[in-house]
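S.K.: structure here, sequence nowhere to be found:
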């Protein structure tokens, strides 16, 4: 059985080991179809569980956010900024004062990926 080595973010020659991070989130709605828009550094969620007021989430730093049908793709070079942006989006769709078993509407994280440099990619598994 192979084990994954613990690795640093920089290689010995100073090159970055990671090229970037990518989080994927799923837009889920049962009751009311919500719409999402991106303006400047704001992620705007409209018609969330029938609310008239839009909810907003802050996009941090140089993170790129894109919407593809019912998926939200968050990409960036800093793991802290990518993770905090994903947390801001998920927190913006938090349901309050309703039965959470029935109201499952929201935007939820389902995948975390990172891109490694080609030099380091082969050294991930230790024999």
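M.R.: The structure has been received and is ready for your questions. Predicted, not measured: the structure shown is a model, and the values here were computed from it.

S.K.: from residue 82, how far off is the residue nearest to residue 66 when sequence neighbours are not counted?
M.R.: In space, and not counting its chain neighbours, residue 66 is closest to residue 73: 4.8 Å by Cβ to Cβ, 6 or more residues apart in numbering. For glycine as for every other residue, the C-beta is placed from the backbone atoms N, C-alpha and C. According to Cβ to Cβ, to the nearest Å, residue 73 stands 11 Å off from residue 82.

S.K.: so these two - more neighbours on which side?
M.R.: Neighbours per residue (other Cβ atoms under 10 Å) separate residue 73 from residue 82, with residue 82 holding more: 24 against 14.

S.K.: where does the more buried one land in three-state SS?
M.R.: Put simply, residue 82 is helix when judged by DSSP: H, G, I helix; E, B strand; the rest coil.

S.K.: tell me the pLDDT of it.
M.R.: For residue 82, the pLDDT comes out at 93.

S.K.: check residue 46 too.
M.R.: 92.

S.K.: now for it, how many residues are close by?
M.R.: By other Cβ under 10 Å, neighbour count at residue 46 equals 14.

S.K.: thought it was touching residue 32?
M.R.: No - at 10.0 Å, residue 46 does not count as touching residue 32 under the criterion of Cβ atoms under 8 Å.

S.K.: distance between the ends of stretch 63-78?
M.R.: By Cα to Cα, to the nearest Å, the extent of stretch 63-78 from end to end equals 8 Å.

S.K.: who's in contact with that stretch?
M.R.: 18-28, 36, 38, 43, 59, 61-62, 81-82, 85-86, 89, 107 (Cβ atoms under 8 Å, 6 or more residues apart in numbering).

S.K.: mind listing the strands for the protein?
M.R.: Using DSSP state E, the strands assigned to the chain run over residues 3-4, 18-28, 35-39, 42-46, 55-58, 64-68, 71-76, 106-116, 125-126.

S.K.: related to what we said a few turns ago, shared neighbours of residue 73 and residue 82, anything?
M.R.: The contact lists of residue 73 and residue 82 share 22-23, where a contact means Cβ under 8 Å, 6+ apart.
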